[in-house]
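Participant: Model the structure of this input:
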Amino acid sequence: MELYRNDLRFVKQRLGSSPARFASLSARVASALLCCALFSACSQQSIKPLQEPTLQTADSEVTANSSGMIRNLQQQLTQDPNNPEVHYKLGFAYNSAAEQLKSAEPEKSAAQRKLAIAEFRKVLELVPGNEATLTALYNIYYDDIVKGKDQSLTQAKAIFTQLSPGAREALNPPSLALFLQRYIAQKESANKQPEELLDALLSATREQPTNDKAYIQLAKMYRTMGLYPLALATLKQAETNQVQSRDFFQTLAETYEERAEASGCSYELNKSLSSAAGYYQKAMPMGADKAELHYQLAQMFIDTNHHQLALNEIAIVLEIAPSAENYAWAAQTYSTIGKNQQAFNLLEKAKQQGLTASDTAFHEIYMNAGDWQKAAVTFTEYLQAQREISIYDAIKADIIHDQTDWDFSKIARGKKMAVRNEWEGAVYAYWINKINRQQLQQAATNRCELTEYYFYSGYRDYRAGKTSAARQHFNAALQQNTYRFIERPLASLFLARN
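Facilitator: Here you go, the predicted model:
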C-alpha cells in the first residue's frame, strides 16, 4: 500500500500499483487546460503597432463610450477619408461595440464585427502589410473560428502567413482555434471523434512549430489514449524546435511520470522517473514560485532515492504554501525515510493549522515510528470518519490490534470495503486465509506488488514467531526499492525488533 494513498493535496497523488487510474477521453481532455486557458490566451493577445503609421490607440481607450467614439471617428473621416489612423481607431471602436453587444444583441454584435473588419481592411489598403492591423484582424477571425464560423479559418490562415515570425510567436496558430471549436462541439455530443481533434492540433504544430500549446494538448490527448511513445515523440519534437515554457517542460515531466505509472508500478521504469525529475528541474526557473512544481519534483526525488534533494524541495513547498495538508504530506515523507522526530514536528504544525486526527498522516506516522498506542487512537478517529474502507485499512486494523489489543471490529462493521483491482483482492484473500502464500506470490507481477507480498508474508511469519523467515521476507520487501510504500518503514521497524 503506497503511503498517503488518499492524499489529494495537489490532485496528483501517485498510485504506484493502480492500473485503473485513467478516465475517459472526454473527461481527461476536459481537465487538461483546454477551454479556459486557450480562451484566455486568445483574449489576451496584444495588438502592437510595429509598422508605420503609428497606430497607437489601445482597445481600452474605446471601450468606455463606443457609440460616441464611433460618431466622432465617422465625422473625422468625412474630413479625411484616407486617414489610416482614424480607420484603425474606428475598427477598434466597432469591435469594442461588438463585444459589448454579443450577449444581449448577438445580431447587432455581428454587424458591428463586420464593420470592424471592413475598417481594418481599409487600413491595409492604405498601408499594406501593417502588422498591428493584421494582428487585429487575425484576432477577430481567430474568435470567429472558435465560434464555429468555418470560413474564418481560411481568412485567419491567410493573415497568419503575412505576419512576421516575431508577431506569429505572440499568437496562437489558426488551427488551435479549430481544435478548440471542435472540442467544444464534441464536449456536448455523444459522438466523440478524437481524430478531428488530433488533426487540428497537428495542423497547429505545422503552422507554428514553436507554439507550446498545440504540442502540450496533442501530448495530453495521446496520453489519454495510452499512446505514451507518441506523446513523448511529440514533445521531444517540440523540444528540437526550441519550444521552451514552464507548461511545456512540466508536461514533459508529467508524461514520463504517467508512463511509469501506467506500467502498473512506477518503480519498474526508473529511467522515466529520472527523466521526469530532470524536466521538472527544467521547468523550475520559469515556475520557482509554484508550490505544485516543487511538490512534483520532491516526489520524483523520493522515488529515485535522492532524499536530501527531496527534503530541499519539501522545505520550499512549505515556505510557499504552509498549509495543514502540505505539512501533513511533508511529515509523511520524513516518516517514510525514517526521520521520525522531524515527522512529529511537522505533524504538530499540521495540527496547529487545523489537520484533524482523522487524517491518514497521523496513524501512519505513528505506525512507522512504532508508537502503537497513538496509532490506535488516531486510527480510530480515521475509521470513524470513513464511509468505506480499503483492504489496507482492514489490514492496518489487524496489525494495530496485534500491537495494542485494540478492537476495531465494531467501528469497521457495516462499512463497505472497496477492492480496486485483482491484486488488492488477492492481498486481502491471502490476509484472511482464502488463498495461500504461493498463490499470492504467483499473482505478484511487479516490484510494487512484490513489496506487499514480501511484507505481508513476513508479517505473518513475524506474528507466528518465525523470526528467521520474517527477517528474510522483510529484507526482500526493502530490496524492491519502492520508496513511498508504507510497507518499507514498517519492514524496517519490525526488523529492528529482532
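Participant: Check which residues of the helix or strand encompassing Thr135 are buried.
Facilitator: Assigning secondary structure by DSSP states H and E places Thr135 in helix 131-146. Within helix 131-146, the residues scored as buried using 16 or more other C-beta atoms under 10 Å are 131-146. The C-beta positions use only the backbone N, C-alpha and C, and glycine is treated the same way.
Participant: you'd agree Gln480 is in a helix?
Facilitator: No. Judged by DSSP: H, G, I helix; E, B strand; the rest coil, Gln480 forms no part of a helix; its state is coil.
Participant: how about the CA coordinates for the helix holding Thr135, as PDB?
Facilitator: Below are the C-alpha coordinates for helix 131-146, written out as PDB (Å, rounded to 0.1, in the frame of the first residue of the first chain):
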ATOM      1  CA  GLU A 131       1.300  44.400 -38.700                       C
ATOM      2  CA  ALA A 132      -0.800  45.900 -36.000                       C
ATOM      3  CA  THR A 133      -3.800  45.900 -38.200                       C
ATOM      4  CA  LEU A 134      -3.100  42.300 -39.500                       C
ATOM      5  CA  THR A 135      -2.900  41.200 -35.800                       C
ATOM      6  CA  ALA A 136      -6.200  42.900 -35.000                       C
ATOM      7  CA  LEU A 137      -7.900  41.200 -38.000                       C
ATOM      8  CA  TYR A 138      -6.300  37.900 -37.000                       C
ATOM      9  CA  ASN A 139      -7.700  38.100 -33.500                       C
ATOM     10  CA  ILE A 140     -11.200  38.600 -34.900                       C
ATOM     11  CA  TYR A 141     -11.000  35.700 -37.300                       C
ATOM     12  CA  TYR A 142      -9.500  33.500 -34.500                       C
ATOM     13  CA  ASP A 143     -12.500  34.200 -32.300                       C
ATOM     14  CA  ASP A 144     -14.800  33.500 -35.200                       C
ATOM     15  CA  ILE A 145     -13.200  30.100 -35.800                       C
ATOM     16  CA  VAL A 146     -13.800  29.200 -32.100                       C
END
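Participant: what about Ser409, distance to Ala444?
Facilitator: Relative to Ala444, Ser409 is positioned 29 Å away (C-beta to C-beta, to the nearest Å).
Participant: Looking at the two, which has the bigger crowd around it?
Facilitator: The neighbour comparison of Ser409 against Ala444 (other C-beta atoms under 10 Å) goes to Ala444, with 18 against 8.
Participant: So which other helices or strands are in contact with the particular helix or strand that has Tyr215 in it?
Facilitator: For Tyr215, the element it lies in under DSSP H and E is helix 212-224. Other elements packing on helix 212-224 under the criterion 3 or more C-beta pairs under 8 Å, 6 or more residues apart in numbering; DSSP states H and E are helix 25-30, helix 34-43, helix 174-187, helix 194-207, helix 228-240, helix 246-262.
Participant: Generate CSV for the ones you listed, with mean pLDDT as supplementary columns.
Facilitator: Rendered in CSV, the data for the helices and strands packed on helix 212-224 read as follows (pLDDT from 0 to 100):
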stretch, mean pLDDT
helix 25-30, 30
helix 34-43, 43
helix 174-187, 93
helix 194-207, 95
helix 228-240, 97
helix 246-262, 97
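Participant: do you know which of the ones you listed lies nearest Gln373?
Facilitator: Across those, Gln373 has its closest neighbour in helix 246-262 (36.0 Å, C-beta to C-beta).
Participant: Could you check the helix or strand following the closest one and say which residues are buried?
Facilitator: From helix 246-262 onward toward the C-terminus, using DSSP H and E, the following helix or strand is helix 270-283. Residues of helix 270-283 classed as buried under the neighbour-count rule (16+ other C-beta under 10 Å) are 272-273, 275-277, 279-283.
Participant: Alpha carbons only: can I get stretch 335-348 in CSV?
Facilitator: The C-alpha coordinates for stretch 335-348 follow below in CSV (Å, rounded to 0.1, in the frame of the first residue of the first chain):
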residue,chain,number,x,y,z
SER,A,335,8.4,9.4,8.3
THR,A,336,8.8,7.2,5.2
ILE,A,337,12.6,7.7,5.2
GLY,A,338,12.9,7.1,8.9
LYS,A,339,13.2,10.7,10.2
ASN,A,340,10.6,10.3,12.9
GLN,A,341,11.3,13.3,15.1
GLN,A,342,11.2,15.7,12.2
ALA,A,343,7.9,13.9,11.1
PHE,A,344,6.4,14.5,14.5
ASN,A,345,7.4,18.2,14.4
LEU,A,346,5.8,18.7,11.0
LEU,A,347,2.7,16.8,12.1
GLU,A,348,2.3,19.1,15.1
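Participant: Give me the distance from that stretch to the chain's centre.
Facilitator: 28 Å (C-alpha atoms, centre = their mean, to the nearest Å).
Participant: for that stretch, what is the average pLDDT?
Facilitator: Here the mean pLDDT over stretch 335-348 is 97, rounded to a whole number.
Participant: one step back: possible to save the helices and strands packed on helix 212-224 as a markdown table with mean neighbour count and distance to Phe474?
Facilitator: Written out in a markdown table, the entries for the helices and strands packed on helix 212-224 read as follows (neighbours: other C-beta atoms under 10 Å; distance: least, C-beta to C-beta, whole Å):
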| stretch | mean neighbour count | distance to Phe474 |
| --- | --- | --- |
| helix 25-30 | 15 | 39 |
| helix 34-43 | 14 | 47 |
| helix 174-187 | 22 | 50 |
| helix 194-207 | 18 | 47 |
| helix 228-240 | 18 | 34 |
| helix 246-262 | 23 | 26 |
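Participant: And the strands in the chain, which stretches?
Facilitator: For the chain, the strands defined by DSSP state E occupy 388-390, 416-418.
Participant: Can you report how many residues neighbour the nearest residue in space to Phe248 that is not next to it in sequence?
Facilitator: Nearest residue to Phe248 in three dimensions, chain neighbours excluded: Asp212, at 4.3 Å (C-beta to C-beta, 6 or more residues apart in numbering). In terms of burial, Asp212 registers 19 neighbours under the definition other C-beta under 10 Å.
Participant: same question for stretch 394-414, mean pLDDT?
Facilitator: For stretch 394-414, the per-residue pLDDT values average out at 94.
Participant: how about that stretch: buried residues?
Facilitator: The neighbour-count check on stretch 394-414 (16+ other C-beta under 10 Å) flags 394-397, 399-401, 406, 408, 411-412 as buried.
Participant: Can I get those residues in TSV including distance to Asp80?
Facilitator: What follows is the buried residues of stretch 394-414, written out as TSV (distance: C-beta to C-beta, whole Å):
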residue	distance to Asp80
Ala394	84
Ile395	84
Lys396	82
Ala397	86
Ile399	87
Ile400	87
His401	91
Trp406	90
Phe408	87
Ile411	84
Ala412	85
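Participant: residue boundaries of the helices in the stretch 1-150 of the chain?
Facilitator: Listed in chain order, the helices of the stretch 1-150 of the chain (DSSP state H, counting those that start in this stretch) span 25-30, 34-43, 60-63, 66-79, 84-101, 106-126, 131-146.
Participant: relative to helix 84-101, how tilted is the fourth one?
Facilitator: Comparing the axes of helix 66-79 and helix 84-101 via axes from the mean of the first three to the mean of the last three C-alpha atoms, to 10 degrees yields an angle of 160 degrees.
Participant: same for helix 66-79, what does it pack against?
Facilitator: So helix 66-79, by 3+ C-beta pairs under 8 Å, 6+ apart, packs with helix 84-101.
Participant: could I have the helix it packs on exported to CSV, CA atoms only?
Facilitator: In CSV, the C-alpha atoms belonging to helix 84-101 read as follows (Å, rounded to 0.1, in the frame of the first residue of the first chain):
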residue,chain,number,x,y,z
PRO,A,84,-5.4,55.1,-41.8
GLU,A,85,-5.1,56.2,-38.1
VAL,A,86,-8.8,57.1,-38.0
HIS,A,87,-9.9,53.9,-39.8
TYR,A,88,-7.7,51.9,-37.3
LYS,A,89,-9.4,53.6,-34.3
LEU,A,90,-12.8,53.1,-35.9
GLY,A,91,-12.1,49.4,-36.4
PHE,A,92,-11.4,49.1,-32.7
ALA,A,93,-14.5,51.0,-31.8
TYR,A,94,-16.7,48.8,-33.9
ASN,A,95,-15.1,45.7,-32.4
SER,A,96,-15.5,47.0,-28.9
ALA,A,97,-19.2,47.6,-29.6
ALA,A,98,-19.5,44.1,-30.9
GLU,A,99,-18.0,42.7,-27.7
GLN,A,100,-20.4,44.8,-25.6
LEU,A,101,-23.4,43.6,-27.6
